[in-house]
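>>> predicted model follows, preceded by the sequence.
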Amino acid sequence: MYKKLLLTFLAFSLAAGVFSQNLKPVDAESKVLFVIKNMGLSVDGSLTGLAGTINFNPKNASGSSFDVTVDVNTINTDNKRRDDHLKKDDFFDAAKYPTISIKSTKIQPKGNNTFFAQAILTMHGVSKNIQFDFIATPASGGYRFKAEFAVNRLDYKIGGNSMTMGDEVAVKLDVLAKK
């Protein structure tokens, strides 16, 4: 009896390692940062309100996925007037599109805690396929995910043509996710 129970427990424990962990982003311990050129200067900012789900198993990357959002109304460039303008309809239109979302469509391992992701990024009501590498390192009770990629704001109909503002936005993610 005890042998069967022990074998069942061991089999379940080993099988649990094959399945993805269901994780939630920890907003207070994560960073969603961006940088864009404006009048020749780099303007950086951040977004908070990170929410969603991350199912991750480094041994089964193809079975892993993420679907997370960030709150557009939290945009912060250390300039309240600019932040208020960015929330208006000629930029993010936060009243109509209150979140930015990113949802994976494919994850592949690359080695050394590095993975390749294909995902759909949705901003301002426009969804586009993107791809990027990310690093996943174990953290207490979960994982820390780090990634960098660039997007063209015009692809998402944000801000329109501008002689003073750059089109490319560099995005940097540092997300802690726990059970």
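Sure, I can see it.

>>> show the average pLDDT along the longest strand seen in the chain.
Ranked by residue count, the top strand of the chain under DSSP state E comes out as strand 41-56. Strand 41-56 carries an average pLDDT of 98.

>>> quick one: low-confidence residue ranges for this protein.
Judged by pLDDT under 70, the chain has its weakly predicted residues at 1-20.

>>> and the helices in it, which stretches?
Here the chain has its helices, by DSSP state H, at 2-16, 80-86.

>>> residue ranges of the strands in this structure, please?
Under DSSP E, the chain gives strands at 21-25, 31-38, 41-56, 65-76, 99-111, 114-123, 126-139, 142-152, 165-178.

>>> which parts of stretch 109-127 are buried?
Going by neighbour count (16 or more other Cβ atoms under 10 Å), the buried part of stretch 109-127 is Pro109, Phe115, Ala117, Ala119, Leu121, Thr122, Met123, His124. In this view, the C-beta of every residue, glycine as well, is placed from N, C-alpha and C.

>>> may I have the distance across it, first residue to last?
25 Å (Cα to Cα, to the nearest Å).

>>> not counting its own residues, what contacts that stretch?
Applying Cβ atoms under 8 Å, 6 or more residues apart in numbering, the set of residues contacting stretch 109-127 from outside is 58, 61, 64, 66, 91-93, 96-97, 100-108, 128-137, 147, 151, 155-158.

>>> mind checking which of those are buried?
58, 61, 64, 66, 91-93, 97, 100-104, 107, 130, 132, 134-136, 147, 151, 156, 158.

>>> Val26 touches Leu176, doesn't it?
Yes: here Val26 reaches Leu176: they are 4.6 Å apart, a contact under Cβ atoms under 8 Å.

>>> ok, back up a step: in JSON lines: the buried residues of stretch 109-127, plus distance to Thr48.
Output for those, formatted as JSON lines (distance: Cβ to Cβ, whole Å):
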{"residue": "Pro109", "distance to Thr48": "30"}
{"residue": "Phe115", "distance to Thr48": "24"}
{"residue": "Ala117", "distance to Thr48": "22"}
{"residue": "Ala119", "distance to Thr48": "20"}
{"residue": "Leu121", "distance to Thr48": "18"}
{"residue": "Thr122", "distance to Thr48": "18"}
{"residue": "Met123", "distance to Thr48": "16"}
{"residue": "His124", "distance to Thr48": "19"}
